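Q: sequence? don't have it. structure:
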């Protein structure tokens, strides 16, 4: 029995739908908790995190970054060196938050004055307590 390309695509989409729904629910919960940690007097987001670049050989060297922005679609962060990898793990830990790790598909990077960079991308997966 042979399955047509369109039928195969439909099966993949049906199987991906629950995973996408779960990811959106997890990201929404994470964003709500992060926003809850910030007070209304905060002018800029001032949360630090650890980023671990990922490539075919496995995880790279972890480094500290400062979150610049986050929302339901993804995250942006400031760092000192450009990142060559397209995937990374971002880990946050704090009172009221616990430990949260998210895999991010990095899609952009911008150079900023003073030798800093801002990069960002969309959430791929979120884990709590890891």
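A: Nice, I can see it. These figures come from a predicted structure and were not determined experimentally.
Q: give me the neighbour count for the nearest residue to residue 128 once chain neighbours are set aside.
A: Closest residue to residue 128 apart from its sequence neighbours, by Cβ to Cβ, 6 or more residues apart in numbering: residue 100 at 5.4 Å. To be clear about C-beta, it is placed using only N, CA and C from the backbone, and glycine gets the same treatment. Residue 100 has 21 neighbouring residues, counting by other Cβ atoms under 10 Å.
Q: residue 100 is in contact with residue 126, isn't it?
A: Yes: counting by Cβ atoms under 8 Å, residue 100 touches residue 126, with 6.8 Å between them.
Q: overlap in contacts, these two.
A: Residues touching both residue 100 and residue 126 (Cβ atoms under 8 Å, 6 or more residues apart in numbering): residue 30.
Q: so where's the protein uncertain?
A: Along the chain, segments meeting pLDDT under 70 span 1-24, 35-46, 94-97, 129-130.
Q: where's the residue nearest to residue 128, which helix or strand?
A: If you go by DSSP states H and E, residue 100 is part of strand 98-112.
Q: also residue 26?
A: With DSSP H and E as the criterion, residue 26 is inside helix 5-37.
Q: what about stretch 77-87, how long is it end to end?
A: 14 Å (Cα to Cα, to the nearest Å).
Q: I am finished for the moment; much appreciated.
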